[in-house]
Every structure is written in structure tokens, then in C-alpha cells.
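Asker: Following is a predicted model, sequence given first.
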Amino acid sequence: MTISVNVRQVVGPEDAAGRNTKALREGFLIEGLFSKGNVNLTYSHLDRMIVGGIVPVGEDLVIDQVKETGTSHFLERREAAILNIGGKGMVTVGGADYPLGFQDALYAGMGQGRLSFRSDEPENPAEFYLLSAPAHRACPTVLITLEMARKVRMGSAEEANARTINQYVHPDVCESCQLLVGLTIFEPGSVWNTMPAHVHDRRMEVYLYFGMEEATRVFHFMGEPHETRHLVLKSHDAVLSPGWSIHSGAGTGRYSFIWAMAGDNMSFTDMDKVPMEGLR
């Protein structure tokens with residue numbers, strides 16, 4: 001078994017404003033995370049966030065040592081959140097097994113040892129989505145089902161943005177050092193997310209879009225409010241969002257997305273809203 005690691009350097013707003021579509025995608029888009037039998041990680045220098053896809057189909061897949069972290073063990077100075085968007089599977093950490101069904105999550109605290117992943121049915125494999133950020137204290141490992149997540153309902157059908165924000169790794173649900181992780185699910189007919197837009201310079205964010213038909217695409221809007229750009233994403237694509245960038249999207253059909261944040265604080269509502277007249 002090999003672990004593939006792709007390293008992404010920080011892209012600033014002036015650089016991003018001058019990039020063409022290909023260069024924007026190279027700087028911010030993460031494709032091909034989920035491939036059968038593999039561990040694919042992207043190490044971003046944005047708050048040192050690691051984004052990963054793990055799809056076990058036979059033998060267990062293990063994350064123990066990742067050279068890019070510079071530590072003896074992956075969780076030695078890190079915490080991690082894992083959310084399953086595939087078939088049923090199991091994650092083993094700290095000597096304990098945690099079963100994860102579709103849209104169940106696991107928070108693993110700093111110092112818990114190696115992570116091991118397996119699928120219950122290789123013909124219908126689990127698709128484990130991993131987020132990991134540096135940590136300075138240990139928090140308990142917690143299994144979080146979709147039902148346990150804190151529900152925040154926002155938007156309306158009239159504005160085509162009726163949605164439920166399911167907060168998994170959040171102070172009201174699960175203690176963590178700096179990770180915040182959740183899943184946004186839209187009502188039928190709603191396709192807009194986070195508009196009016198906002199930025200939060202104290203934290204970076206990463207989005208994973210999934211639950212889309214093969215031909216469905218999400219137009220992910222990014223850039224400084226006065227200098228916006230967009231990326232066109234398919235199902236299972238992820239995108240890095242620096243603190244200076246807006247992050248909103250609209251889909252050609254139904255979709256869901258997982259968001260994760262790391263940075264200076266744990267306040268989900270810490271954001272700087274951008275009025276519509278401020279977008280260019």
C-alpha cells in the first residue's frame with residue numbers, strides 16, 4: 001500500500017486574480033481524491049490542512065506516518081475528522097473500532113495513533129473523506145452520526161437556497177482543537193449556497209462537493225469580492241478556499257457538500273458578510 005501526497009503552496013489574491021482557468025484549477029481544485037484501493041492526500045499550506053480520500057476494497061488501508069508532516073506518526077501533533085460518503089465501513093483508531101455508515105463521521109484526537117480503514121462490502125466500498133489540521137491539545141475521539149449533528153436550517157425555496165447545515169465537529173457536538181466540520185444538504189429545487197457571500201480571514205475552508213448526477217456541475221465562486229472568479233466542479237471534487245476569498249456556489253442540479261475550517265477560532269458565525277453591491 002502506498003500513500004500519495006500532493007503538496008499545495010499558498011496562492012495569494014494578487015496571484016489568483018491574474019491566473020487563467022487552468023492555473024486557477026491547479027492552485028485550488030483537488031481532483032481524483034477517491035480511487036479504489038488507495039489513500040490520496042493533499043497537504044495544503046493553508047493552515048496546514050490535509051485533505052484525503054480513502055477507498056478500501058480489499059486489505060485495510062492505513063495512515064500511520066506521512067513524511068510531509070515531519071512527525072513520527074500522523075496524529076502525533078494533529079487531529080482528524082473522517083466522514084463516510086460511500087458504503088458501510090470501519091475506522092480503527094486508538095485500539096477501538098468505529099463503524100461508519102453513509103454520512104456518519106468520526107473525530108480522532110491528537111495522539112491517538114494510526115488510522116486504519118476498511119469496507120464492509122468491497123463491491124460497495126466506503127469512501128472515507130479525511131480532514132486533518134495541527135493540534136496543540138488532545139480531545140476525545142467521538143463517533144458522530146448524521147442524527148447527532150447540530151441542525152441549522154437556512155434559506156428558502158423562493159430564493160432557491162433552502163438547506164440544512166449539519167454541524168458534526170462543532171463545540172455544541174464534539175470537542176476539537178481547531179477543526180470545524182459539517183455537511184450541507186439542500187432541499188429539492190434549491191441550488192444556491194451562501195449568497196450573499198462572505199469571507200472569514202481568520203480561517204481557511206475546504207469544500208467537497210458530492211451527491212451529484214454524472215452530468216451535474218457546481219459553479220464554485222471564489223476570489224476577492226471585487227475580483228471574483230469561478231471554478232466548475234463535478235461530483236467528488238474538492239476546492240481550497242483561503243481566508244481572503246468568497247466561497248459560494250450554484251449547481252445545475254442537486255448536490256451536497258462537506259465544509260471544513262481551521263484557523264484562529266471556533267466561532268462558526270465569525271464571518272465578514274459581503275453585500276451584493278460589493279461583488280464584481
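Answerer: Looks like it came in fine.
Asker: Please count neighbours and contacts with C-alpha atoms only from this point.
Answerer: Will do.
Asker: residues contacting S245?
Answerer: Listed by Cα atoms under 8 Å, 6 or more residues apart in numbering, the contact partners of S245 are P13, V199, M222, G223, E224, P225.
Asker: Among the residues you listed, which are located in strands?
Answerer: If you go by DSSP state E, the contacts of S245 have V199, M222, G223, E224 in strands.
Asker: Of these, just say which sits nearest to A160.
Answerer: M222 (19.9 Å; Cα to Cα).
Asker: The spatially closest residue to R163 that is not a sequence neighbour and M222, how far apart?
Answerer: Nearest non-adjacent residue to R163, counting by Cα to Cα, 6 or more residues apart in numbering: F186, 4.2 Å away. As judged by Cα to Cα, to the nearest Å, F186 and M222 stand 20 Å apart.
Asker: what's in contact with the helix or strand that contains L130?
Answerer: Using DSSP states H and E, L130 sits within strand 128-134. For strand 128-134, the external contacting residues (Cα under 8 Å, 6+ apart) are 47-55, 77-86, 178-179, 260, 262.
Asker: contact partners of the lowest-mean-pLDDT helix or strand in the chain?
Answerer: The least trusted helix or strand in the chain, going by mean pLDDT, DSSP states H and E, turns out to be strand 272-273, with a mean of 86. Contact partners of strand 272-273, identified using Cα under 8 Å, 6+ apart, comprise P196, A197, H198, V199, H200.
Asker: For my notes, please list those in CSV and give neighbour count, distance to Q167 and pLDDT for each entry.
Answerer: Shown next, in CSV, are the contacts of strand 272-273 (neighbours: other Cα atoms under 10 Å; distance: Cα to Cα, whole Å; pLDDT from 0 to 100):
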residue, neighbour count, distance to Q167, pLDDT
P196, 15, 21, 85
A197, 22, 19, 87
H198, 21, 19, 88
V199, 25, 19, 89
H200, 20, 18, 85
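Asker: Include distance to L233 when you put these into CSV, please.
Answerer: Putting those into CSV (distance: Cα to Cα, whole Å) gives the following:
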residue, distance to L233
P196, 20
A197, 19
H198, 20
V199, 20
H200, 22
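Asker: Let me know the closest of those to M1.
Answerer: Out of these, the member with the shortest distance to M1 (by Cα to Cα) is H200, at 38.1 Å.
Asker: State the distance from that closest one to F268.
Answerer: 10 Å.
Asker: so how far is I82 from T92?
Answerer: Taking Cα to Cα, one finds T92 at 11 Å from I82.
Asker: if you count what's nearby, which of those two comes out ahead?
Answerer: It is I82, of T92 and I82, that has more neighbours when counted by other Cα atoms under 10 Å, with 25 against 18.
Asker: what pairs with the residue nearest to the more buried one when sequence neighbours are not counted across the strands?
Answerer: Of all residues not flanking I82 in the chain, L130 sits nearest, at 4.5 Å (Cα to Cα, 6+ apart). Counting by DSSP bridges, L130 is bridged to G52, I82.
Asker: What's the local residue count around L130?
Answerer: Count around L130 with other Cα under 10 Å applied: 21.
Asker: Roughly how far does it sit from E79?
Answerer: For L130, the distance to E79 - Cα to Cα - is 10 Å.
Asker: E26 should be in a helix, yeah?
Answerer: Yes: checked against DSSP: H, G, I helix; E, B strand; the rest coil, E26 lies within a helix.
Asker: Next, work out how far apart the closest residue to D120 other than its chain neighbours and D104 are.
Answerer: Once flanking residues are discounted, D120 sits nearest to G89: 5.0 Å by Cα to Cα, 6+ apart. Relative to D104, G89 is positioned 10 Å away (Cα to Cα).
Asker: How about the contacts made by L41?
Answerer: I3, S4, V5, N6, L33, I50, V51, G52, G53.
Asker: Please list all residues in contact with the nearest residue to P225 once chain neighbours are set aside.
Answerer: Nearest residue to P225 in three dimensions, chain neighbours excluded: L279, at 4.9 Å (Cα to Cα, 6+ apart). By Cα under 8 Å, 6+ apart, L279 lies in contact with P225, H226, E227, T228.
Asker: you'd agree the third one is up against G18?
Answerer: No: using Cα atoms under 8 Å as the test, E227 is too far from G18 to be in contact (10.0 Å).
Asker: So for these two, which residue has more residues nearby?
Answerer: E227 (15 against 10).
Asker: Would you mind giving both backbone torsions of the more buried one?
Answerer: For E227, the backbone dihedrals (degrees, to the nearest 10) come out as phi -150, psi 60.
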